[in-house]
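S.K.: Here is a sequence with its predicted model. Questions after.
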Amino acid sequence: MQSTETKPNGPVAAAFLATGIGSLVLGLAVVANELGGDVSKFLAFDKNYGLGSGVGALSGKVTLMVLAYLISWIVLHFMWRGKEVNFGRVFSLALILVAAGFILTFPPVFDLFAPKA
Amino acid sequence: MTLTEREFWTLIHGMVLGTLFLLAFGGGLAGLYSFREKYLTADGVAERSPRLVLGTTVMAVVAWLTVIVGTWIVYPWYRAAPPEGTTDLSTFPRSLLLSSPETAEWHKFGMEWKEHVAFLAPLLATAVAFATLYYGAQLIHRGEIRRAMLVFFTLAFAAAGIAGLFGALITKAAPII
């Protein structure tokens, strides 16, 4: 007979929610870049911080995504370590954030934010 | 029969890592779907869980490698701007695509979507890999989490699939040579 005792779900919930946060940040960074101006210049991490050569604003967008993802994962992990959380609710929120990431990285959507010529 | 450096890295990005990702997805999806108490004995769980950990971890690692190689090695060749007065754009894929209204959408829609949506795949796959590493054989008792993993796993595949499909089509329209 197998034991049904398992580890608490907090750390897994943290990983799932951090994925949603990372996805949303990527989507927001894509939209921010479309707005142009100083934000767009800031996102050129290849020129500003030497993160790759010739990658352009994509370097900044994905770096911000990775930072948001890792920082939120670490914070949530320590918040929920050893705890049992409402996984259904956390997963629903993560799915909404991932969906927002998908939508905001879809060209017809982020093009809406580009300055009109 | 030779490959240029650019062709080699494009091949690594699209074919080698892409194929590994697909294989890991197929195995991982089947493993995750059938990782249920009603299908497996205790011995079956013990035998399958390391394979599940391996499959999902490989998928996550491969997803990260694909976007890293794609973004920091291949992409700069794609978006390189031609020097003033260049008439032959065959070695400048982005400019080549944008030079004609018939091909411009491959960049404006295809590449612009691909370069962003691809990054959702490693995030989603990492969450799944972490859950298998964390729970191991205990995952059999966590149906809710296993089902959530299946959703993330499939979304990771969808994101990578969109990127892979456009990658192949764009390479056909304007290869990196």
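M.R.: Perfect, I can see it now.
S.K.: all contacts plus neighbour counts: C-alpha atoms, from now on.
M.R.: Fine.
S.K.: Can you name the residues of chain A that neighbour chain B?
M.R.: A:2, A:4, A:6-7, A:12, A:15-16, A:19, A:22-23, A:26, A:30, A:52-55, A:58-59, A:62, A:87-88, A:91, A:101-102, A:105-108 (CA under 8 Å from any CA of the partner chain).
S.K.: cutoff 7 Å now
M.R.: A:4, A:6, A:12, A:15-16, A:19, A:23, A:52-55, A:102, A:105-107 (CA under 7 Å from any CA of the partner chain).
S.K.: so which of those is the most crowded?
M.R.: A:Ser23 (35 neighbours; other CA atoms under 10 Å in any protein chain shown).
S.K.: Mind listing residues that contact the least confident helix or strand in chain B by mean pLDDT?
M.R.: Least confident element among the helices and strands of chain B, by mean pLDDT, DSSP states H and E: helix B:17-33 (a mean of 89). Outside of helix B:17-33, the residues within contact range by CA atoms under 7 Å, 6 or more residues apart in numbering or on different chains are B:Leu52, B:Gly55, B:Thr56, B:Val58, B:Met59, B:Val62, B:Ala63, B:Thr66, B:Arg146, B:Leu150.
S.K.: so the fifth one is in which element?
M.R.: B:Met59 is located in helix B:42-69, with elements delineated by DSSP states H and E.
S.K.: what's downstream of that helix, the next helix or strand?
M.R.: Going down the chain from helix B:42-69, the next helix or strand is helix B:75-79, by DSSP H and E.
S.K.: Is that following helix positioned near chain A?
M.R.: Yes: interface with chain A: helix B:75-79 contributes B:Tyr75, B:Pro76 (CA under 7 Å from any CA).
S.K.: returning to what we had before: tell me what the helix holding B:Met59 is packed against?
M.R.: With contacts taken as 3 or more CA pairs under 7 Å, 6 or more residues apart in numbering or on different chains; DSSP states H and E, helix B:42-69 sits against helix B:17-33, helix B:120-135.
S.K.: most packed of the ones you listed?
M.R.: Ranked by mean neighbour count, these are led by helix B:120-135 with a mean of 25 (mean count of other CA atoms under 10 Å in any protein chain shown).
S.K.: any idea how far it is from the chain center?
M.R.: 14 Å (CA atoms, centre = their mean, to the nearest Å).
S.K.: between that helix and helix B:17-33, how big is the angle?
M.R.: Angle between the axes of helix B:120-135 and helix B:17-33 is 40 degrees (criterion: axes from the mean of the first three to the mean of the last three CA atoms, to 10 degrees).
S.K.: what pLDDT, on average, does the next helix or strand after helix B:120-135 get?
M.R.: Once the chain leaves helix B:120-135, the next helix or strand it forms, by DSSP H and E, is helix B:143-173. Averaging pLDDT along helix B:143-173 gives 95.
S.K.: just for chain A, where's the confidence low?
M.R.: In the predicted model of chain A, residues A:1-4, A:117 satisfy pLDDT under 70.
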